[in-house]
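Chemist: My questions are about this predicted structure, shown below with the sequence.
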Amino acid sequence: RAKWEVKPKARARLPWCHNRLNKTSPPPPATSAIDSIMTNDTTENGSKRQKVIIHAPHSSLIPPPQLRSLVSGWLQDDIPSHFDVGGHVVGPTIQKAELWMKSSGVLAGIPFFEAVFAVCGECSIQWEDDAIEGKLFNINDNKKIKLATVTGPVSHLLQGERTALNSMSRCSGVATLSNKCVQIATSQKWQGEVAGTRKTTPGFRLVEKYGLLVGGASTHRLDLSQMVMLKDNHVWACGGSIEAAVKKARGVSGFSQKIEVECQSLDEALVAAGAGADVVMLDNFAPQKLKEDAKLFKEKYPHVIVEASGGITMETMADYFSEHVDVISQGKLTQGYDCVDFSLKIIH
């Protein structure tokens with residue numbers, strides 16, 4: 001089955017696509033997680049049909065300049081000095097390395113894996129047909145699954161190896177845990193959203209938020225600017241008035257931003273909604289108390305979103321399911337995930 005070059009569209013996520021390579025021809029400087037392959041099906045005029053495989057359906061969410069800047073910082077952190085002696089030892093010859101998935105989980109992080117080798121330069125990635133983000137791979141009997149082949153100067157492959165694997169391992173870990181929680185919600189027929197929080201690793205937020213999406217969860221707010229969240233510290237620091245805090249926030253955020261207020265009681269939630277909050281977080285409520293207060297709240301403010309948060313885990317989240325709760329958020333999705341194991345091995 002032949003692999004065919006894919007022509008990149010204008011403003012593509014990464015500016016080059018991969019093609020078929022051999023050791024004597026230099027690889028293109030970057031890759032794109034899109035494959036176009038010939039199938040056995042034919043069109044009406046007898047020509048072969050092309051099948052397009054999108055390996056990273058969410059990748060267009062990430063602006064290429066931001067992605068390249070992020071990955072460049074990772075590589076600079078890993079190669080801070082002027083010389084790479086290990087790279088000198090192996091030299092610049094064109095070689096191939098295979099990406100293997102060694103433990104079960106949901107695949108995520110393809111854009112970051114690709115971007116690492118794009119920044120390293122002169123590398124190309126050919127993905128296996130079933131290497132699609134969001135897919136759950138089950139690894140049985142210590143068998144591993146091949147996901148891709150990376151081609152390029154061997155020194156560049158080894159410079160990018162660990163950084164690329166670290167990003168994919170962690171992103172897949174977030175996606176795996178998120179997917180498990182989403183599956184629990186689906187199995188219980190709960191109609192709300194499973195969400196992460198802003199409890200992310202500094203410098204690694206984009207990867208973890210992306211993993212939430214791939215796993216089927218909601219990201220919650222991406223940063224301090226995306227949605228106004230007035231927590232207990234905000235309220236205490238401006239005199240203790242939820243109403244005053246909400247009105248002050250609304251005065252500068254206008255119609256374009258939602259305002260959420262962290263509430264410790266039903267009374268606080270009612271005050272927040274009455275002042276104009278769009279979302280109320282019922283924080284650290286016991287499950288039964290949460291359900292009772294959420295029901296009473298929705299009777300008066302059915303249009304305001306109710307979020308449950310505080311100490312909720314995958315093991316306990318089903319206790320909080322209610323038709324009156326719209327969102328259940330968990331910091332553990334980006335703080336307590338297990339990494340998925342990958343390796344990149346030079347073909348020899």
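Modeler: Sure, I can see it. Residues are numbered from 1 along each chain as shown.

Chemist: Flag the shaky bits of this structure, pLDDT-wise.
Modeler: Along the chain, segments meeting pLDDT under 70 span 1-49.

Chemist: Pick out the residue nearest the middle of it.
Modeler: The structure's the chain has its C-alpha centroid closest to Y210; by C-alpha atoms, centre = their mean the separation is 1.5 Å.

Chemist: Now the nearest residue to it once chain neighbours are set aside: which helix or strand?
Modeler: The shortest distance from Y210 to any non-neighbouring residue, by C-beta to C-beta, 6 or more residues apart in numbering, is to C171 (6.2 Å). The C-beta positions use only the backbone N, C-alpha and C, and glycine is treated the same way. Applying DSSP states H and E as the criterion places C171 in helix 154-187.

Chemist: quick one on the thing from earlier: wait, what's in contact with the residue nearest to Y210?
Modeler: A108, G109, F112, V207, E208, Y210, G211, V214 (C-beta atoms under 8 Å, 6 or more residues apart in numbering).

Chemist: List the contacts of the second one.
Modeler: Translated: G109. By C-beta under 8 Å, 6+ apart, the contact set of G109 is E133, S167, M168, S169, R170, C171, S172, A175, V207, Y210, G211.

Chemist: I'd like the residues you listed laid out as TSV, including distance to S69.
Modeler: Shown next, in TSV, are the contacts of G109 (distance: C-beta to C-beta, whole Å):
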residue	distance to S69
E133	22
S167	14
M168	19
S169	21
R170	19
C171	18
S172	23
A175	23
V207	14
Y210	15
G211	19
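
Chemist: all helices for the stretch 151-300 of the chain, in order.
Modeler: 154-187, 205-214, 232-237, 242-253, 266-275, 287-300 (DSSP state H, counting those that start in this stretch).

Chemist: Minimum distance to K332: which of the ones you listed has it?
Modeler: Ranking these by proximity to K332 (C-beta to C-beta) places helix 154-187 first, at 7.6 Å.

Chemist: got the angle between that closest one and helix 205-214?
Modeler: In terms of direction (axes from the mean of the first three to the mean of the last three C-alpha atoms, to 10 degrees), helix 154-187 departs from helix 205-214 by 40 degrees.

Chemist: how about helix 154-187: buried residues?
Modeler: For helix 154-187, the neighbour count (16 or more other C-beta atoms under 10 Å) marks 154-161, 163-182, 184-185 as buried.

Chemist: same thing with stretch 213-230?
Modeler: Neighbour-count burial for stretch 213-230 [16+ other C-beta under 10 Å]: 213-221, 227-230.

Chemist: returning to what we had before: contacts only, for the residue nearest to the centre of the chain.
Modeler: Shown in contact with Y210 (C-beta under 8 Å, 6+ apart): H58, L61, I62, A108, G109, P111, F112, C171.

Chemist: run the last query once more with 10 Å
Modeler: Residues in contact with Y210 (C-beta atoms under 10 Å, 6 or more residues apart in numbering) are 56, 58-59, 61-62, 108-112, 133, 167, 171, 174-175, 219.

Chemist: what do you get for H348?
Modeler: Contacts of H348 were listed using C-beta under 10 Å, 6+ apart, and they are Q95, K96, A97.

Chemist: Looking at those, which are in strands?
Modeler: Counted as lying in strands by DSSP state E, out of those, are Q95, K96, A97.

Chemist: Surely the last one is in contact with A148?
Modeler: So that's A97. Yes. Applying C-beta atoms under 10 Å as the test, A97 and A148 come out as touching, 9.1 Å apart.

Chemist: anything in contact with each of these two?
Modeler: Counting by C-beta under 10 Å, 6+ apart, the contacts common to A97 and A148 are I125, L344.

Chemist: quick one: the strands in the stretch 1-150 of the chain?
Modeler: Secondary structure of the stretch 1-150 of the chain (DSSP state E, counting those that start in this stretch): strands at 3-4, 34-42, 48-54, 94-101, 105-106, 124-127, 136-137, 145-153.
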